[in-house]
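Student: Pasting the sequence and the predicted coordinates here, then a few questions.
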Protein chains: 2
Amino acid sequence: MSNGRRSNAPTLEDVAQAAGVSRALVSLVMRDSPRVSVESRRRVSDAATKLGYRPNLMARNLASRRTLTIGVLLNDLHNPWFAEVTDGIHDAAERHGYQLILASGRRNARLESRALDTFLASRVDGIIVAGCRLPATRLDALAREVSVVSVGRALPKTVLGSVTTDDAFGARLAVEHLHELGHRRIAHIDGGKGAGAAPRRSGYLHTMRLLGLTDVAQVVAGDFTEEAGARGAERLFRGADIPTAIFTANDLSAVGAIDVIERCGLVIPDEVSVVGFDNTSLAALNHIGLTTIHQPRREMGVVAATMLIDAINDRGALTDVLMAPSLVVRRTTARAPAAGSSASRSQRNSVMSAAPTAPARSPREAKTS
Amino acid sequence: MSNGRRSNAPTLEDVAQAAGVSRALVSLVMRDSPRVSVESRRRVSDAATKLGYRPNLMARNLASRRTLTIGVLLNDLHNPWFAEVTDGIHDAAERHGYQLILASGRRNARLESRALDTFLASRVDGIIVAGCRLPATRLDALAREVSVVSVGRALPKTVLGSVTTDDAFGARLAVEHLHELGHRRIAHIDGGKGAGAAPRRSGYLHTMRLLGLTDVAQVVAGDFTEEAGARGAERLFRGADIPTAIFTANDLSAVGAIDVIERCGLVIPDEVSVVGFDNTSLAALNHIGLTTIHQPRREMGVVAATMLIDAINDRGALTDVLMAPSLVVRRTTARAPAAGSSASRSQRNSVMSAAPTAPARSPREAKTS
DNA sequence: CATCTCCGGTAGAGCGCTCCAACTGTAGAC
DNA sequence: GTCTACAGTTGGAGCGCTCTACCGGAGATG
């Protein structure tokens, strides 16, 4: 019953009969070919709408041997980063008459792999992988069957194209911003082996060196999570030489760090400045107001899709594009505290070290207990 | 060149020739039919892997007249709510051997409509629309061609199935929680005409009535945004009879409200309690720790997909399912302040009313300026 | 030994479309 | 009046698969 609803969907043939023309002519009208008389066009489209005809994409693609479709594999729907990249891809694809089919890898290599198989089985004209976790060799093999562009992850030595943010440059922007505010003791909570973590870390180290701050550079391990940010901050503020500024590998870590810092009784940004990375909506929340590094996510999507479509149509090659990030100043950064205030700062710190191993707890909780 | 890569993809025929069997046999092997001898199966699959054969989905679906695919229309990729629902859909679909194709409506009715057309053109077996904005009549028309289930929006008087949260009940949980903590003056910042806003509002009003608090019930207009939450809180705390608790239509509004409340010098939860709705990742942030109402998002996806697939296979009808939300207590709610402290509260309030129309600004900003 | 069952396998007719070569008719060129 | 040009239209051969017969032969049955 319910599944039989479409069983008798009208076909090209039906329309042709109703309009009293050949199937080929209907086909031409459906693809609005210019070589159809006004009269025929009218009759055919009238018949089509009357019958509620809708071209069968599978039959069309099968016969025409192309799908005008690009498959987009999103690593994680939960992360808004992907939503913005997808918006850009969508815009560019639409402009060129391409359709998108999305799939979510759900942070799982097996599912990602399966989704790619489905793309191939559907004979998409090209593929964009965003934040894909699959090994480079797998992707390279894929890219030998169909054009593939990677967003957010560079894949040197493969035939894939890629569009990434210049993470090292972003790190440099962050550090320079803090340096210009008079900070010297700038620490970094990194992203472990997550995507982009390495260049952000090395960009940080490199810039610190350029600024002659190698001796105060300090990297603590993290993994892009809020908790990692909190742990990192705890470790940083436990020691004697506490930093006046922290640059974290992403916004989420920054929020975790802020939480701990405020709980230590330190005031942000007066006593400690914090810079995140990504400029997620989280950073923009008024309640947080995080100074951070912005990635041109949407534009990355546009560039990726455009490059892919050009390659599909032999109008260009797949290359590796590096996009420039930018600094967004909000309210977690300020001039470094005057040297004289360092006494009060280390005093405060002693409060904190009274419970150095305690799990992250907010000031709210502390108050009510 | 690059677009020619797939032009000579091997077909069933090629495999059949390589294995020295008929096309039909290869087809049977590819769909692992039981009626194939072990020997043939081996030879065919060997030939297939050697050639790198991959069944062409379009041809398969065209010939078999079904796609085993369900189209999922997501209203807004930026909202993590959709990601979790999609996870649930994905799980259920996979369990039944169905594939998903996702499309994003990007909060735009025209795009949503187009995506649905594509689904129909692709002859998906069923459709799930999540948070769809299209008019009920449009969806009803769609549902006459193919089975459709709506998630997050009930559509009475249509042939669609639906899975929604019992928003009114959620509101009741929130209000009762606050009431149990001794609050009486509980205000609501609503969601305007957004999805679910109406039942949350009426659930609030109804529960207040049940608790005999009709005279102190107070609803201010919002629209599910952070800014609306901030504005709502400003309005609430400007008056003389300020509430001791606020229930907002969603988490984002709650964050906006918290921001303003803290800026007024009021302490959360000691002086004001706040309850959000949705239990987004935002609420779970340690820095925020919002008490909120949880929607069983993932399970909603599972239920929607299961119901759809059952309907597709004539094993069940499409119905309207209401899922029960639950209360998640974090750190923004506490016992209502003792009556004696009301003096200090209204004093504080006067601080705020010094700049009642100022745009939302954080304490941080205030400090640095 | 004829017949009946199965099991494993096959031929061939589609599925609904596009594409190509070819055809018709009208118009302009000479 | 014949030739070319071209716009408009058409038949038919696929695209790569599934599905419905149907077929041949081994073993069971009487």
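Tutor: It's in.
Student: Residue A:280 - nearest residue in space that isn't next to it in sequence?
Tutor: In this structure, residue A:280 finds its nearest non-sequential neighbour in residue A:251, 4.7 Å apart by C-beta to C-beta, 6 or more residues apart in numbering or on different chains. In short, each C-beta sits where N, CA and C put it, glycine included.
Student: can you count the residues close to the one you found?
Tutor: 26 (other C-beta atoms under 10 Å in any protein chain shown).
Student: check contacts around it.
Tutor: Neighbouring residues of residue A:251 by C-beta atoms under 8 Å, 6 or more residues apart in numbering or on different chains: A:276-280, A:282-283, A:290, A:292.
Student: now do residue A:61
Tutor: A:67, A:69, A:123, B:58.
Student: Cross these against strands and list the overlap.
Tutor: Per DSSP state E, strands hold the following members of those: residue A:69.
Student: Looking at the contacts of residue A:251, spot the one nearest residue B:47.
Tutor: The closest of the contacts of residue A:251 to residue B:47 turns out to be residue A:278 (C-beta to C-beta; 48.5 Å).
Student: Give me the phi and psi for the closest one.
Tutor: Main-chain dihedrals, residue A:278, degrees, to the nearest 10: phi 120, psi -30.
Student: got a list of what the residue nearest the centre of chain A touches?
Tutor: Nearest to the geometric centre of chain A sits residue A:81, at 3.5 Å (C-alpha atoms, centre = their mean). Residues near residue A:81 by C-beta under 8 Å, 6+ apart: A:131, A:152, A:278, A:280, A:295, A:297.
Student: ok, now with 7 Å
Tutor: Shown in contact with residue A:81 (C-beta atoms under 7 Å, 6 or more residues apart in numbering or on different chains): A:278, A:297.
Student: before we move on, what about residue A:272?
Tutor: By C-beta under 7 Å, 6+ apart, the neighbours of residue A:272 are A:244-246, A:261, A:266.
Student: Can you flag which of those residues belong to strands?
Tutor: A:245-246.
Student: out of the contacts of residue A:272, which one sits closest to DNA strand C?
Tutor: residue A:246 (57.6 Å; C-beta to the nearest atom of the strand).
Student: Could you double-check that the closest one lies in contact with residue A:274?
Tutor: Yes. Here residue A:246 reaches residue A:274: they are 5.1 Å apart, a contact under C-beta atoms under 7 Å.
Student: what's the overlap in contacts for the two?
Tutor: residue A:257.
Student: out of these two, which sits in the busier spot?
Tutor: Between residue A:246 and residue A:274, counted using other C-beta under 10 Å, the more crowded position is residue A:246 (33 against 27).
Student: For that one, give me its contacts.
Tutor: With contact taken as C-beta under 7 Å, 6+ apart, residue A:246 is in contact with A:187, A:189, A:233, A:236, A:257, A:272, A:274.
Student: now do 6 Å
Tutor: Listed by C-beta atoms under 6 Å, 6 or more residues apart in numbering or on different chains, the contact set of residue A:246 reads A:187, A:257, A:274.
Student: out of those residues, which are inside helices?
Tutor: residue A:257 (DSSP state H).
Student: Can I get the contacts of residue A:246 in CSV including pLDDT and distance to residue A:333?
Tutor: As requested, these are arranged in CSV below (pLDDT from 0 to 100; distance: C-beta to C-beta, whole Å):
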residue, pLDDT, distance to residue A:333
A:187, 98, 14
A:257, 97, 13
A:274, 98, 7
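Student: near DNA strand D too, which of the contacts of residue A:246?
Tutor: Near DNA strand D, judged by C-beta under 7 Å from any atom of the strand, there are no entries from the contacts of residue A:246.
Student: tell me which of the contacts of residue A:246 is nearest to chain B?
Tutor: residue A:257 (9.8 Å; C-beta to the nearest C-beta).
Student: didn't that closest one look like it was pressed against residue A:233?
Tutor: Yes. Residue A:257 is within contact range of residue A:233, at 3.9 Å (criterion: C-beta atoms under 6 Å).
Student: Overlap in contacts, the two.
Tutor: Common neighbours of residue A:257 and residue A:233 (C-beta under 6 Å, 6+ apart) do not exist.
Student: picking that back up, among the contacts of residue A:272, who's most crowded?
Tutor: residue A:246 (33 neighbours).
Student: pLDDT wise, what is that one at?
Tutor: Residue A:246 carries a pLDDT score of 98 in this model.
Student: Quick check: beta-bridge partners of it?
Tutor: Beta-bridge pairing for residue A:246 (DSSP bridges): residue A:187, residue A:274.
Student: what does stretch A:151-165 rub up against?
Tutor: For stretch A:151-165, contacts defined as C-beta under 6 Å, 6+ apart pick out A:85, A:130-131, A:136, A:139-140, A:143, A:148-150, A:195, A:295, A:300, A:303-304, A:307, A:318-321, A:323, A:325.
Student: Which ones among the residues you listed lie within strands?
Tutor: A:130, A:148-150, A:320-321, A:323.
Student: Looking at those, which one is closest to residue B:168?
Tutor: Nearest to residue B:168 out of the ones in strands among the contacts of stretch A:151-165 is residue A:130 (C-beta to C-beta; 38.5 Å).
Student: contacting residues around the closest one?
Tutor: Per C-beta under 6 Å, 6+ apart, neighbours of residue A:130: A:74, A:82, A:85, A:151-152.
Student: mind running it again at 7 Å?
Tutor: A:72-75, A:82, A:85, A:151-152.
Student: Between which two of these is the distance greatest?
Tutor: A:72 and A:152 (12.4 Å).
Student: neighbour-wise, which of the two wins?
Tutor: residue A:72 (32 against 23).
Student: I'd assumed that one was in a strand, is it?
Tutor: Yes. Counting by DSSP: H, G, I helix; E, B strand; the rest coil, one finds residue A:72 located in a strand.
Student: Could you verify my assumption that it touches residue A:128?
Tutor: Yes. The pair formed by residue A:72 and residue A:128 meets the contact definition of C-beta under 7 Å, at 4.9 Å.
Student: Give the residues shared as contacts by those two.
Tutor: Common contact partners of residue A:72 and residue A:128 (C-beta under 7 Å, 6+ apart): residue A:89.
Student: Apart from its neighbours in sequence, what residue is nearest the residue of the stretch 151-300 of chain A found nearest DNA strand C?
Tutor: Closest residue of the stretch 151-300 of chain A to DNA strand C, C-beta to the nearest atom of the strand: residue A:161 (26.0 Å). In space, and not counting its chain neighbours, residue A:161 is closest to residue A:318: 3.1 Å by C-beta to C-beta, 6+ apart.
Student: Quick check: the one you found vs residue A:85, distance?
Tutor: 17 Å (C-beta to C-beta, to the nearest Å).
Student: Who has more neighbours out of the two?
Tutor: Of the pair residue A:318 and residue A:85, residue A:85 is the one with more neighbours under other C-beta under 10 Å, namely 30 against 22.
Student: Could you tell me the per-residue confidence at the nearest residue in space to the more buried one that is not next to it in sequence?
Tutor: Once flanking residues are discounted, residue A:85 sits nearest to residue A:301: 4.2 Å by C-beta to C-beta, 6+ apart. On the pLDDT scale, residue A:301 is placed at 98.
Student: hang on, isn't residue A:301 packed against residue A:93?
Tutor: No. Counting by C-beta under 7 Å, residue A:93 is not a contact partner of residue A:301; they are 9.2 Å apart.
Student: what's the neighbour count on whichever residue of the stretch 151-300 of chain A sits closest to DNA strand D?
Tutor: Here the stretch 151-300 of chain A gets closest to DNA strand D at one residue, residue A:159, 23.0 Å apart by C-beta to the nearest atom of the strand. The number of residues packed near residue A:159 is 17, by other C-beta under 10 Å.
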